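Peer 1: Provide a 3D model corresponding to the input given below.
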Amino acid sequence: MQDSCQVVGNKITPCPHLSKALEYGNPRAKSKGVFIPERVNFNTGEPGTDIAQLHSGAFVGRGIALNFCPFCGVSLKTWEQSNG
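Peer 2: Numbering: from 1, shown residues only. Purely as a prediction, here's the structure:
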């Protein structure tokens, strides 16, 4: 496992610390923690874009996207075309 997160295209490979912090599975309405939910494009059946999300406080339901890893500092912006 690498020392820092890696973003290739629309996929995130978390660093060891983020990997330990991630909650298993997809968040539910009242879930708290850090998630990378599984997304699938229903039209093509292909995996969707990974987005690291924090669900806490006022953002328990929908969560907020993490722009960078809080542990290694690497950008997690899978939605930008400059990755890959």
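
Peer 1: pretty sure Pro37 contacts Ile51?
Peer 2: Yes - contact criterion C-beta atoms under 8 Å: Pro37 and Ile51 qualify, at 7.3 Å. Placement of C-beta: from N, CA and C, glycine included.

Peer 1: neighbour-wise, which of those two wins?
Peer 2: Shown here are Pro37 and Ile51; by other C-beta atoms under 10 Å, Ile51 has more neighbours (19 against 13).

Peer 1: which strand residues sit across from the closest residue to that one other than its chain neighbours in the sheet?
Peer 2: Among residues not flanking Ile51 along the chain, Ala65 sits closest, at 5.2 Å (C-beta to C-beta, 6 or more residues apart in numbering). Beta bridges link Ala65 to Gln53, judged by DSSP bridges.

Peer 1: Ala65 - how many residues pack around it?
Peer 2: Neighbours of Ala65 (other C-beta under 10 Å): 12.

Peer 1: Excluding chain neighbours, give the residue nearest to the most centrally placed residue in the chain in space.
Peer 2: By C-alpha atoms, centre = their mean, the mean C-alpha position of the chain lies nearest to Ala52, the distance being 1.9 Å. Among residues not flanking Ala52 along the chain, Leu66 sits closest, at 4.2 Å (C-beta to C-beta, 6+ apart).
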